[in-house]
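Asks: Below: sequence and its predicted model.
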There are 2 protein chains.
Amino acid sequence: MAFPWPETGSPLDDVITPMPVIDEDRLAANITRAQAYMNQHGLAFRPHIKTHKIPAVARQQIAAGATGINCQKLTEAEAFADAGFQDILITYNLLGAARIQRLQALNVRLARLQAVADSAVTVDGLAAAFTADRPLTLLVECDTGGGRCGVQTPEAAAELAARIAAAPGLRFGGLLTYPAAGGAARVETFLRDAMALLAARGLDCPVRSNGGSPDLWKAHLVPSATEHRAGTYVYNDRSMVRAGECGHGDLAMHVLATVVSRPTPTRAVLDAGSKALTSDLLGFADHGEIEELPGARIVSLSEEHAVVDLTDCTGPLPGVGARVRVIPNHTCVVSNLFDRMVFHRSGVVTRVEEVAARGTVW
Amino acid sequence: MAFPWPETGSPLDDVITPMPVIDEDRLAANITRAQAYMNQHGLAFRPHIKTHKIPAVARQQIAAGATGINCQKLTEAEAFADAGFQDILITYNLLGAARIQRLQALNVRLARLQAVADSAVTVDGLAAAFTADRPLTLLVECDTGGGRCGVQTPEAAAELAARIAAAPGLRFGGLLTYPAAGGAARVETFLRDAMALLAARGLDCPVRSNGGSPDLWKAHLVPSATEHRAGTYVYNDRSMVRAGECGHGDLAMHVLATVVSRPTPTRAVLDAGSKALTSDLLGFADHGEIEELPGARIVSLSEEHAVVDLTDCTGPLPGVGARVRVIPNHTCVVSNLFDRMVFHRSGVVTRVEEVAARGTVW
């Protein structure tokens, strides 16, 4: 039997749960607002598609004025190239013969492809594969306090840039960072210092790419940056509200769920577990917020169930079969679990989109 | 470009990371050992397919002597019915017209279908849809301390069983529970008390289904049970080793990963993040164990990266490009993220299986 995906025009109340649903008006407003801010501050904006993995949503971002898109995985970039996108930045160290061969094919297909490197091993692997007739543009990834990947000092950045520039098959494209939240000053200092060292070596540094949704509205505090990358802003989630980056009315994603059990007066069980909401806590003590049940707490998840403690719930308590909307802690990982996503306007289904880059893990 | 799924006979070293891989010998041994234990104690064994979601693996479980399979979602059951399975138990409260219609279709297709209920709402919804010419068999789900779904007392179980038995389209099939770890005594008491109440009402209770991998080897401590359900035992994971339920040599699943960055002397970054390992901690303080790096700790995950602290690593430190095997905290949720899974024997690829019931969320 075919999966019961809803028809356009049907009520959201008929959508089988659990299902993430996207509010069209909030989505459009989130895209417009972020782009307007970047325009105002003269920053190129490059949305990260990891949050939605849906070409149609990225097309809305491009139509609003985004420069191009940001992918985290080679296979995401391939899925979006298949969908017609021509300007892609892959913010990942790409290693190994199989991956590099695919990167070469992508470099031929796209009008503009950029990747990143933070080590001589990555640079040398790419340098050995790419040639001057179709060179690959590489940015140097810098760790400005995020504590993940990236060279640790401006000196190391300049050193690696020189290594890239010296390879016939590579072009040094600039600097990139994914900073810690609140790290604007440190990013600016790192970029300025690295740019001075690059200038001293005679190396152009056209792109200085900064990133993050948590500091989206502080992107202008890094004047040396030329572009900003962000993903979560497009849907927003509970963590973004907590960070003060958006209001409740900017939450474009909910996970529809049904109360499947009311075993005790203070316990409800939903049909959205860790295989629908994920276990990402992002510092929260519980697993999302339920619009219809203020004060209720999703205290634990098993794979297909959420256990809700109703003790402090201030609204009317739900019966078995009641439908609720859960605000997820983290939207990007929810998208990664579903093959399709339902969009709606005021509770009426507008479209069902395939999550085209889901399951593309390399 | 097609995804580079490995050929049978190729070395595991060529498999692109991140990728969960399954050791055939350990898988077969896990299946044999659990079935032998159940046989020894006269318990029917019904493996839960949520852990692997792969029909070929369930066929191995059936071939070893399993009675049938256990699904958590209607759509899992549909995927396994499509693959030819004829005896399926869905351990979930199934609500709503769309779902019940699909359940009816499944009930016609299968030789034996059982579902569960823990409330009058669920029973009445099913009673209104099923008819005496093709009745649905329902077990009453009992909360014996697990704190999720289930009626709270033996009296409530008997009451709900009578409601089922009174519906022309339903058959009362027995009792089911998913207990808390270490809850054997409580399960036994609950079942015995409920069976006495059922007998007093003249109701047969042919199935008493107990469950859980954490207490797999204690299943015989519930003499009133007729069958046991378990999923995780088939692959095992870090949580099962900690629980003392298996040894290190019984871990059939690893997630292959590559060191993509070595930003500092004590930090390595892997290409397996929360979109490969999930954020399930299951009480651990970190996100899995790395076979090749004893003492190293996966201190944080972002979506496509794992940050590893090498401070206490007692082995040789890995360079960029080094491949490692991660023991995941929780195997069932890893399966849910991948469209395909690679199987191997001693590092040589034996097969690539589609995770057929992944993404089937209702």
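Replies: Great, that's in hand. Residues are numbered from 1 along each chain as shown, chains lettered A, B, ... in the order given.

Asks: Which helix or which strand is home to the closest residue in space to residue A:163 that isn't next to it in sequence?
Replies: Spatial nearest neighbour of residue A:163, chain neighbours left out: residue A:123 (5.3 Å); criterion: C-beta to C-beta, 6 or more residues apart in numbering or on different chains. Any C-beta I mention is one placed from the backbone N, CA and C, and that applies to glycine too. Taking DSSP states H and E as the criterion, residue A:123 maps to helix A:120-127.

Asks: Who are the packing partners of the helix or strand just after that helix?
Replies: Using DSSP H and E, the next helix or strand after helix A:120-127 towards the C-terminus is strand A:136-142. Here strand A:136-142 touches strand A:87-93, helix A:97-109, strand A:112-117, helix A:120-127, helix A:154-165, strand A:170-177, helix A:184-200, going by 3 or more C-beta pairs under 8 Å, 6 or more residues apart in numbering or on different chains; DSSP states H and E.

Asks: quick one, strand A:136-142 and helix A:184-200 angle?
Replies: Taking axes from the mean of the first three to the mean of the last three C-alpha atoms, to 10 degrees, one finds strand A:136-142 and helix A:184-200 inclined to each other by 130 degrees.

Asks: from the middle of its chain, how far away would strand A:136-142 be?
Replies: 20 Å (C-alpha atoms, centre = their mean, to the nearest Å).

Asks: residues contacting residue A:138?
Replies: Residue A:138 is in contact with A:114-117, A:123, A:126, A:164, A:170-173, counting by C-beta atoms under 8 Å, 6 or more residues apart in numbering or on different chains.

Asks: Give the burial count for the residue nearest to residue A:350 when sequence neighbours are not counted, as a bare number.
Replies: Here the nearest residue to residue A:350 in space, its sequence neighbours aside, is residue A:343; by C-beta to C-beta, 6+ apart that works out to 4.8 Å. Here the number of neighbours of residue A:343 (other C-beta atoms under 10 Å in any protein chain shown) works out to 20.

Asks: Can you verify residue A:343 is assigned to a strand?
Replies: Yes: assessed by DSSP: H, G, I helix; E, B strand; the rest coil, residue A:343 belongs to a strand.

Asks: ok, what's across the strand from it?
Replies: Beta bridges link residue A:343 to residue A:22, residue A:351, judged by DSSP bridges.

Asks: Looking at the closest residue to residue A:165 other than its chain neighbours now. What's its pLDDT?
Replies: The shortest distance from residue A:165 to any residue other than its chain neighbours is 4.5 Å, reached at residue A:172 (C-beta to C-beta, 6+ apart). In the prediction, the pLDDT value recorded for residue A:172 is 98.

Asks: Settle this for me: residue A:172 is touching residue A:202, isn't it.
Replies: No: counting by C-beta atoms under 8 Å, residue A:172 stays clear of residue A:202, with 11.1 Å between them.

Asks: Tell me which of those two has more neighbours.
Replies: The residue with more neighbours, out of residue A:172 and residue A:202, is residue A:172; 25 against 8, by other C-beta under 10 Å.

Asks: residue contacts, that one?
Replies: So residue A:172 contacts A:137-138, A:140, A:161-162, A:164-165, A:203-205 (C-beta under 8 Å, 6+ apart).

Asks: How much space separates it from chain B?
Replies: 19 Å (C-beta to the nearest C-beta, to the nearest Å).

Asks: Kindly report the same for residue A:140.
Replies: When distance is defined by C-beta to the nearest C-beta, residue A:140 is 12 Å away from chain B.

Asks: who's in contact with residue A:252?
Replies: With contacts defined as C-beta under 8 Å, 6+ apart, residue A:252 is in contact with A:22-23, A:26-27, A:30, A:234-236.

Asks: go again using 7 Å as the cut-off
Replies: A:22-23, A:26-27, A:30, A:235-236 (C-beta atoms under 7 Å, 6 or more residues apart in numbering or on different chains).

Asks: who wins for most neighbours among those?
Replies: residue A:235 (29 neighbours).

Asks: Can you give me the domain assignment for chain A?
Replies: A:12-19+A:246-354, A:41-230 (automatic domain parsing).

Asks: Tell me the span between the first and last residue of the longest one.
Replies: The one in question is domain A:41-230. 15 Å (C-alpha to C-alpha, to the nearest Å).

Asks: Neighbours of the closest residue to residue A:130 other than its chain neighbours, how many?
Replies: Distances taken as C-beta to C-beta, 6+ apart place residue A:169 nearest to residue A:130, at 3.2 Å, with adjacent residues excluded. The number of residues packed near residue A:169 is 18, by other C-beta under 10 Å.

Asks: my guess is residue A:169 meets residue A:133, correct?
Replies: No: at 8.7 Å, residue A:169 and residue A:133 do not qualify as touching, with contact defined as C-beta atoms under 7 Å.

Asks: Can you name the residues bridging to residue A:270?
Replies: residue A:259, residue A:306.

Asks: any idea how far chain B is from it?
Replies: Separation of residue A:270 from chain B (C-beta to the nearest C-beta): 11 Å.

Asks: swap in residue A:162?
Replies: 19 Å.

Asks: any idea how far that residue lies from residue A:123?
Replies: For residue A:162, the distance to residue A:123 equals 10 Å [C-beta to C-beta, to the nearest Å].

Asks: Read off the pLDDT value for residue A:67.
Replies: In this model, residue A:67 is scored at 97, pLDDT.

Asks: Let me see the contact set for the residue nearest to it when sequence neighbours are not counted.
Replies: Once flanking residues are discounted, residue A:67 sits nearest to residue A:44: 4.3 Å by C-beta to C-beta, 6+ apart. Residues in contact with residue A:44 (C-beta under 7 Å, 6+ apart) are A:67, A:226-227.

Asks: and if you look at residue A:107?
Replies: Per C-beta under 7 Å, 6+ apart, neighbours of residue A:107: A:113, A:134, A:136.

Asks: switch the cut-off to 8 Å
Replies: The neighbours of residue A:107, taking C-beta under 8 Å, 6+ apart as the test, are A:113, A:130, A:134, A:136.

Asks: go on, residue A:322?
Replies: By C-beta under 8 Å, 6+ apart, residue A:322 lies in contact with A:258-259, A:292.

Asks: and if you look at residue A:83?
Replies: With C-beta under 8 Å, 6+ apart, residue A:83 has these contacts: A:55, A:58, A:356.
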